[in-house]
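[1] need a structure here:
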Amino acid sequence: MSGLRPDTSRIYDNGIPIRQRFPDIVTLPQMFKHQGYYSARVGKIYHYGVPGDIGTSGLDDPPSWNHFVNPRGRDKTTRPT
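    Purely as a prediction, here's the structure:
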């Protein structure tokens with residue numbers, strides 16, 4: 001969502017939020033938001049832990065959205081047999 005490749009960002013795994021390295025970066029949804037579009041997400045866009053973080057924002061990027069929804073999902077309560 002940042003447009004940066006891992007060799008540029010030096011982020012090689014899913015546990016480091018992009019703003020930890022680049023606090024002032026403008027993400028793609030944030031760019032649309034700044035241009036007057038309504039930017040929203042439902043569910044996971046950025047990484048989070050499964051199953052513990054299902055239904056949470058996880059490592060989401062709040063500046064990217066006007067609105068977000070974190071559905072709990074049936075995989076949070078359904079256990080494999």
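
[2] Identify the residues contacting stretch 17-33?
    If you take CB atoms under 8 Å, 6 or more residues apart in numbering as the criterion, stretch 17-33 is touched by 1-4, 9-11, 34, 39, 41, 46, 59, 61, 63-66. For glycine as for every other residue, the C-beta is placed from the backbone atoms N, C-alpha and C.

[3] from those, which ones fall inside helices?
    Residues from those lying in helices, with DSSP state H as the criterion: 9, 34.

[4] Just the ones in strands from the contacts of stretch 17-33, please.
    Mapping the contacts of stretch 17-33 onto strands (DSSP state E) picks out residue 41.

[5] could you flag which of the contacts of stretch 17-33 are buried?
    By neighbour count, with 16 or more other CB atoms under 10 Å, these hold 2, 11, 39, 41, 46, 59, 61, 64, 65 as buried.

[6] okay, those residues in CSV with distance to residue 73 and pLDDT next?
    Formatted as CSV, those follow (distance: CB to CB, whole Å; pLDDT from 0 to 100):
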residue, distance to residue 73, pLDDT
2, 26, 90
11, 26, 89
39, 22, 95
41, 14, 91
46, 16, 77
59, 17, 82
61, 20, 89
64, 21, 93
65, 19, 93
